[in-house]
Structures are given as C-alpha cells and as structure tokens.
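A.B. asks: mind folding the following:
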Amino acid sequence: MSLAHDHLERMLAGVGPGDEPYHWHHLLGVLHAVCGERSPESETLLRRVASSSGHCRLDQSEGLPHAMSPEDVLRSLAVQTLAEWDLERHRDVIARAAELAGADHVSAIARSYLA
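C.D. replies: Numbers count the residues shown, from 1 in each chain. Below you'll find the predicted structure:
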C-alpha cells in the first residue's frame, strides 16, 4: 500500500496527519495519486470513498475551493474513476454514490453511468 493509500484510509477514518486536519489541496493530491494507480487496493479504496457517508476532517482556514462539499467532490472523482476502470464491476457502488450524494451534480454523474 502506498503512502497515498494510507493517507486516504486515514481521511476516511476521520484522522488527519498527526493531530492536524488535512488541507484541501493535499487531499485532492492524495486522491489523484490513488486514482492514478489502478490496483486492487485502489479499487477497494475508491469503492469506500464513493460509498462513504462520513465527513472529511479538513482545515478550513484556507477555505474550500468548490461549491460542492469535499465529500461530494471526492465521491464524484471516485465514481468517475471506477466507471472508467470497470463499469459493470462497480455498478453497485456507483448506484450507492448516487443515493448518498448531497449535490445534484454528483447524483447526475453517477446516474449517467447507470443509464
């Protein structure tokens, strides 16, 4: 398991690096690294991201550079990556992501793969 996988696991568990919350740009970099490495570990982790109902522990002092919640941004990127890798294999988690999404945009992305 790579360092990026470890960081994303910790984020899903609500734990930041040390006692500090993650920064938004760091979290996106970690997700990008996991999405860039197609492996069983990455697939399992992205499935967890797409179906997670938890909240990210982020440092908000720099603001969050997106209109969607951090969880929905991560969910959307995970859904898109899983669909690209193997839509049929991940259809179940994509449907779950559509149900969990707080943003209509994320639900629409997920449902577009299910049509």
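A.B. asks: how about the helices in the protein?
C.D. replies: Under the criterion DSSP state H, the chain carries helices at the ranges 3-12, 24-35, 40-51, 70-100, 104-114.
A.B. asks: what's the closest of those to Arg57?
C.D. replies: Distance to Arg57, taken as CB to CB, is lowest for helix 3-12 among these, at 7.3 Å. (Each C-beta comes from the backbone N, C-alpha and C, glycine too.)
A.B. asks: buried residues in that closest one?
C.D. replies: When burial is assessed from 16 or more other CB atoms under 10 Å, helix 3-12 yields the following buried residues: Ala4, His5, His7, Leu8, Glu9, Met11.
A.B. asks: quick one: contacts for Ser2?
C.D. replies: Shown in contact with Ser2 (CB atoms under 8 Å, 6 or more residues apart in numbering): Ala33, Val34, Glu37, Glu41.
A.B. asks: check contacts around the second one.
C.D. replies: Meaning Val34. Taking CB under 8 Å, 6+ apart, we find Val34 in contact with Ser2, Ala4, His5, Leu8, Ser42, Leu45, Leu46.
A.B. asks: show the contacting residues for the second one.
C.D. replies: Ala4 makes contact with Gly29, Val30, Ala33, Val34, Glu37, according to CB under 8 Å, 6+ apart.
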